[in-house]
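[1] okay, here's the prediction I keep looking at, along with the sequence it came from:
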Amino acid sequence: MGKITVETCEIEGLKIITPSVFGDERGYFMETYNKNDYVAAGIDMEFVQDNQSSSSKGVLRGLHFQINYPQDKLVRVVSGEVFDVAVDLREGSDTYGKWFGVTLSAENKKQFFIPKNFAHGFVVLSETAEFAYKCTDFYHPNDEGGLAWNDPDIGVEWPIPEDMKLTISEKDQKWSGIKEFHR
């Protein structure tokens, strides 16, 4: 127990988790997930699917969510660095439509817990990044939704340098803004 530190965020439900890292001249060891530690921290869920992606600098993925089968997610970066964003889509929430972002990297080893009913996305800041995450529901291809990554009504402040060329999928370029979002 006590192998993680959990920070709450200004949006209720979002959490930044920093694992204890044990290092010596050989390298390091850390637990990336231990159910007992997460339950003690108030994150008590059953994860049913793990995913991993690799992306190049400037790739922006998101903002995605599942409509009828929402997922809690525990995300982290295995190599490289990303700026990770969650947008509150919970009906009746005081922070509905608000966003929170955190830099996740192989170096800082932080994880980001994103509850159900949040849109999620990230932009790769390093030359490449490997992104891994756990989900509490399976991916349903016909159930995906999204919001425009650059919706001015959400106003995400992506840390994108002027010289960075963004790579955004055709699908992610077609999402509308939060004003058009209806559950």
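    In hand now; what should we look at? Numbering: from 1, shown residues only.

[2] what bits of this protein have low per-residue confidence?
    For the chain, the stretches with pLDDT under 70 are 1-2, 182-183.

[3] now the helices for it?
    In the chain, helices defined by DSSP state H lie at 35-40, 170-173, listed in chain order.

[4] in a markdown table: those, plus distance to residue 13 and mean neighbour count.
    C-betas here are computed from N, CA, C, even on glycine. Written out in a markdown table, the entries for the helices of the chain read as follows (distance: least, CB to CB, whole Å; neighbours: other CB atoms under 10 Å):
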| stretch | distance to residue 13 | mean neighbour count |
| --- | --- | --- |
| helix 35-40 | 14 | 14 |
| helix 170-173 | 24 | 11 |
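
[5] redo these as a markdown table? Include distance to residue 89.
    As requested, the helices of the chain are exported to a markdown table (distance: least, CB to CB, whole Å):
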| stretch | distance to residue 89 |
| --- | --- |
| helix 35-40 | 23 |
| helix 170-173 | 17 |
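
[6] nearest to residue 125, of those helices?
    For the helices of the chain, distance to residue 125 was read as CB to CB. The smallest value, 17.6 Å, belongs to helix 170-173.

[7] how far does that closest one sit from the chain's center?
    For helix 170-173, the gap between its own C-alpha mean and the chain's C-alpha mean amounts to 18 Å (CA atoms, centre = their mean, to the nearest Å).

[8] which ones are touching residue 112?
    Contact analysis of residue 112 by CB atoms under 8 Å, 6 or more residues apart in numbering lists 14, 15, 16, 17, 74, 75, 76, 84, 86, 102, 104.

[9] sorry, back to before: to residue 136, which of the helices of the chain lies closest?
    Taking CB to CB as the measure, these were each checked against residue 136, and helix 35-40 came out nearest at 11.9 Å.

[10] export that closest one to CSV, keeping only CA atoms.
    This file holds the C-alpha atoms of helix 35-40, laid out as CSV (Å, rounded to 0.1, in the frame of the first residue of the first chain):
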residue,chain,number,x,y,z
LYS,A,35,-6.0,-2.7,-7.5
ASN,A,36,-5.6,-2.4,-3.7
ASP,A,37,-3.7,0.9,-4.0
TYR,A,38,-6.3,2.3,-6.5
VAL,A,39,-9.3,1.2,-4.4
ALA,A,40,-7.7,2.9,-1.3
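
[11] packing partners for that helix?
    Helices and strands touching helix 35-40, as assessed by 3 or more CB pairs under 8 Å, 6 or more residues apart in numbering; DSSP states H and E, are absent.

[12] name the nearest of the contacts of residue 112 relative to residue 145.
    Residue 145 lies nearest to residue 86 out of those, by CB to CB, at 14.4 Å.

[13] contact partners for residue 124?
    55, 56, 57, 58, 59, 60, 80, 81, 82.
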